Structures are given as C-alpha cells and as structure tokens.
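Colleague: predicted model and sequence follow; I will ask about them next.
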2 protein chains.
Amino acid sequence: MVAVTAVTARRGRAEVRRELVAAAVRLFTERGYDETTVDDIAGAAGVGRRTFFRYFRGKEDAVSPDHEQGLARIAEVFATAHPTEPLRSVVMRAGETVFDLYVADRETARMRFALVHDVPALRDREAAQVHHYRRLFTRELAERLADVEDGALRAAVTAAAVVAAHNQALRHWLAGGGTADGVEACVAHFRKVAWMLPLQAGPDIDEVTRRLEKVARTLEAG
Amino acid sequence: MVAVTAVTARRGRAEVRRELVAAAVRLFTERGYDETTVDDIAGAAGVGRRTFFRYFRGKEDAVSPDHEQGLARIAEVFATAHPTEPLRSVVMRAGETVFDLYVADRETARMRFALVHDVPALRDREAAQVHHYRRLFTRELAERLADVEDGALRAAVTAAAVVAAHNQALRHWLAGGGTADGVEACVAHFRKVAWMLPLQAGPDIDEVTRRLEKVARTLEAG
DNA sequence: AGCCTAACGGCACTGCGTGCCACACATCCA
DNA sequence: TGGATGTGTGGCACGCAGTGCCGTTAGGCT
C-alpha cells in the first residue's frame, strides 16, 4: 500500500475532505443512508475508516459539514455591526449571509436537500442545526433587548421567526429549481418577514408596540 | 429466573414503562448519560436489555416518552376547533394544551429539564422534537392561510414564533421553581406573544398588515 | 544524514440497536 | 381436562458506529 499512501499524503486536507463529502452524498443518494457504512464512504474516497472520523464527528456530519462556518458568519455580522444600525437591519443581514453558503454550490445544496428530506436521521440532524442558529440569534438579540420590556421573550420570538423565514425562503428557492436569478426572489421573499417581526431599534419599541397593539385590537374588534 | 419472570408478567405494560423512565432519569442524573448503559437501565427496572427496546426506540427516548401524545393533543385542538373561532385563539389554545403535559408531574419535568440542558445528545433530541411541533403548527396554519397573500411564509413564521414563545415560557416557569401558581404567570407570559404574531382571522389580514406596516414605517422614520 | 511532527492505517474494544429463537403464561376451544 | 393459539419476555448473536492506542510513513528542519 505504499503507492496509495503516497497519493494520500500528496492530497491536502481540504481535498480529502471534499472527496469524503462527495462520496458520502453520492453513496447515500444511490444506495440509501442506512445501507451505506462508514467503511464504504472511506473506501470510495480512498482513505481508511479511521481517517473518516478524523474529518467528521460522525456519519451524519459528512452531509452538512459547513454548519460551524454558518454560525461563525452570523456571529461576525453581529459583532462588527455599527451600534447605530437598526437592529432589524442587522438581523436581516445576518440571515442573508447564510444564503451565500448554500448558493455557493447549488448542486450540492439540492442533493443535500433531497437527502435531508428523505432520511429521518438527517432530518433530525438538520433540526438540531437549525436549533443552533436559532439559539445564536436569540442570544444576540436578548443582549440588545436587555432593557426592553419582555426583551427575552421578544428575542426568542424574533429569532425563531427569522430562522423560520430563512428556511422557508431557502426551501422555496430549492423547490423552484435553484436557479441563479431565483436567489434574488429568494432574498426578497425572506425580506418580507422584516415587517412581521416584533422588533424595533431604539428605546421607542414600547411605544411602537402599544400603538401596533391598539391598531390590531381595533381592527379585530371591527 | 422463574421468580423474576413471574413478577415481570404480573406487572402491566404501563407500570414497566414508568419504572424504566424513572430508572433512566435517575441513573442519567446520578451517573451521567454516557456513563449509563441500556443494560444498567433495564437491570435497575428489573427487566432484560431486549425488553427496554420493546418500550423505547432508543436510549434517548426514555427521557421524554410523551412526545407523540403532545403532538396528538395539538392536532386534536385544531381538528375540533369551531370554524368561526379566531385563528389566533386556536393557536393559543393549542399551545396551552401542551403545558398540561409538563405541569402534570413537575418533578419529572424539572429533572428532564436539567438533563436536557446538560447532555448534548439530549439537547439535539429535544431540538428535533421541537421541530416536530413547529412542523405541525406550520402545516395546520398553512392550510388555513392558503388564500392569504404569502400564506405559507406567514404560517411558517407564526408557527416558529408560537413554539419559541411556548418554550420560553416553559423555561421561565421551570427556572422560577416550577410552582403551581407559577403556571398562571407562565401562561400569561405565553399569551403576550399573541399580539406579536403576524396573524389575523378572516380576509382582512392584508389590510391589517398594510396598516401595521405603515405605522411601523412612520415610527421608525421619525 | 538524522530528527521531529503530523497525518494515516490497522487493530481491538465498548455499546447501541436488531433479528431470531426458545420459553412462560394467559386465553380459548374441543 | 388437555391441547392449540397469542402475547410478552429473556438470551444470544450479529452488524455497525465511534474511540483509544500504536506502529508506520511522508515531509520539513537543522
């Protein structure tokens, strides 16, 4: 196995990682998730079984390996945002940043979407990842709404709404074929949620909420 | 093992199930999740390892076994709701119904909360369950908002907001000690979210949304 | 050349989850 | 009363995920 070892050493870590992801997605799609073992994936990528676990925490992680990166991007948007930028705008920018990760390679995104849609284990896995996004948004928002009445509740609700809208827009885009110009429509679709959020930058949020509630109450009564 | 078999046969399925849950929660808390094997749980409950898997799909399910029941309750609220009842009211009632499942046995709820908070595997498991709640709400709402502009988006956002508010209220209640009278405060806390929802019963929803947006825009500009 | 670090492959081990079979008990029927 | 059927159980064996450990090899540094 000297030749194989030499070839392996020649490949960089990023390349091996890509090949493992490609092999995993291909085998899961062709043969099914449960019917594919880690040995199969590693073998198809030309590495040993033990090496697979040096790149991914487990079998499920090979399908969506850039989750940490998405979290980091969101955190960065919040960290580098100018203090005077409206919170609504920061939230929208953070959400839109994640789109790029999926738009980067549409074909992989579509295969992943189909896989996650079909395999229960991967569905739950994705739910947990979405949960992490939601938690991050909630934490960042709660920090900035600390002085607002029901700030924690408002942060939780807003974060959940943003993440849900993001996923809804993404699903809408993938269902529409995942075309390049569809990205515009996707982002526009996502932006519609901005006015649904119980969110306002600055200390006038309580006043806004009161007036909004009054309007809604009046309309519902009529 | 004739004696043990006789005793086991005497116990009903519900009783065995309760003992398995109790043993699992106790051992997970005392010894840690990863340090507790299925053999330990089964042994502590006086049954064989194979029997454990006849009651639960896996090790994680022994902590929160009444998930299906919660889903069924929500579905029932939606199914039996009177057509003229405002959608906002139905959503709130469905959410509040799930509270009862947790309030039923506070002590177990608190231990489960602590466990889920500590163990990553259980956190992800709970995230997946919350995801199921969200999906159910989304489906029911989308059905009823089919004729509304951006009904699917509105359903997704509203469902996520409701579930998030529910969890936030539940966490708030458990953090406050889980007292009986705290349930009132918990539900009241949950109800605050009603006016944050982009939701309105009847065909006037678009008009309401337009007016709300106009108010918000005016206030944000000023 | 000799050393040193990083990455890899192989091996063995624990534990989860499942299929299979034998056994105990409860019920029904002749 | 004695035998057939059905249900719940324990034990056994197996495949596979994930981890710890160790020997090996490639590539860089002095």
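Modeller: Received it, and whenever you're ready, just let me know what you need. Numbering: from 1, shown residues only, chains lettered A, B, ... in the order given.
Colleague: tell me how chain A divides into domains.
Modeller: A:2-62, A:67-221 (automatic domain parsing).
Colleague: for B:F99, find the nearest of those.
Modeller: Of all the domains of chain A, it is domain A:67-221 that lies closest to B:F99, at 15.6 Å by CB to CB. C-beta here means a position set from N, CA and C on the backbone, and glycine is covered the same way.
Colleague: so which of the domains of chain A is the most packed in?
Modeller: Comparing those by mean neighbour count (mean count of other CB atoms under 10 Å in any protein chain shown), domain A:67-221 comes out on top with a mean of 17.
Colleague: that one and DNA strand C, any residue contact?
Modeller: No. Domain A:67-221 stays clear of DNA strand C (CB under 7 Å from any atom of the strand), getting no nearer than 10.4 Å.
Colleague: could you point out which element follows the helix or strand of chain A with the lowest mean pLDDT?
Modeller: Lowest on mean pLDDT, DSSP states H and E among the helices and strands of chain A sits helix A:2-10, with a mean of 41. Along the chain past helix A:2-10, the next helix or strand (assigned with DSSP states H and E) turns out to be helix A:13-31.
Colleague: tell me the angle the next helix or strand after that following helix makes with helix A:13-31.
Modeller: As assigned by DSSP H and E, the chain's next helix or strand after helix A:13-31 is helix A:38-45. Using axes from the mean of the first three to the mean of the last three CA atoms, to 10 degrees, the direction of helix A:38-45 lies 120 degrees away from that of helix A:13-31.
Colleague: what does helix A:38-45 contact?
Modeller: Contact with helix A:38-45 is made by A:16, A:19-20, A:22-24, A:26-27, A:31, A:48-49, A:51-53, A:59, A:62, as judged by CB atoms under 8 Å, 6 or more residues apart in numbering or on different chains.
Colleague: before we move on, back to that, want to throw the domains of chain A into JSON lines with distance to DNA strand D?
Modeller: JSON lines is the format used below for the domains of chain A (distance: least, CB to the nearest atom of the strand, whole Å):
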{"stretch": "domain A:2-62", "distance to DNA strand D": "3"}
{"stretch": "domain A:67-221", "distance to DNA strand D": "9"}
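Colleague: CSV for those domains, including distance to B:H172?
Modeller: Output for the domains of chain A, formatted as CSV (distance: least, CB to CB, whole Å):
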stretch, distance to B:H172
domain A:2-62, 32
domain A:67-221, 8
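Colleague: comparing those, which yields the minimum mean pLDDT?
Modeller: Among these, domain A:67-221 carries the lowest mean pLDDT, at a mean of 78.
Colleague: for A:A24, give me its contacts.
Modeller: Contacts of A:A24 (CB under 8 Å, 6+ apart): A:T36, A:I41, A:A62, A:V63.
Colleague: does A:D124 touch B:V130 like I think?
Modeller: No. The pair A:D124 and B:V130 does not pass the contact test of CB atoms under 8 Å, sitting 11.0 Å apart.
Colleague: from DNA strand C, how far out is the closest residue to A:G48 other than its chain neighbours?
Modeller: Distances taken as CB to CB, 6 or more residues apart in numbering or on different chains place A:A42 nearest to A:G48, at 6.0 Å, with adjacent residues excluded. Distance of A:A42 to DNA strand C, given as CB to the nearest atom of the strand, to the nearest Å: 7 Å.
Colleague: so which residues of chain A form helices?
Modeller: In chain A, the helices defined using DSSP state H lie at A:2-10, A:13-31, A:38-45, A:49-55, A:67-80, A:87-104, A:106-118, A:120-144, A:151-175, A:182-191, A:205-221.
Colleague: which strands or helices does the fifth one pack on?
Modeller: So that's helix A:67-80. For helix A:67-80, the contact count by 3 or more CB pairs under 8 Å, 6 or more residues apart in numbering or on different chains; DSSP states H and E identifies helix A:87-104, helix A:120-144 as packing neighbours.
Colleague: what about the last one, near chain B?
Modeller: Put plainly, it is helix A:120-144. Yes. Interface with chain B: helix A:120-144 contributes A:R123, A:D124, A:R125, A:A127, A:A128, A:V130, A:H131, A:R134, A:T138 (CB under 8 Å from any CB of the partner chain).
Colleague: between the residues you listed, which is nearest A:T84?
Modeller: A:T138 (22.8 Å).
Colleague: ok, the closest one touching A:A159?
Modeller: Yes. Using CB under 8 Å, A:T138 is in contact with A:A159, at 4.1 Å.
Colleague: find the residues that touch each one of the two.
Modeller: With CB under 8 Å, 6+ apart, A:T138 and A:A159 have common neighbours B:A164.
Colleague: for A:A127, give its distance to DNA strand C.
Modeller: 17 Å.
Colleague: that residue against B:A127, yeah?
Modeller: Yes. If you go by CB under 8 Å, A:A127 and B:A127 touch, sitting 5.5 Å apart.
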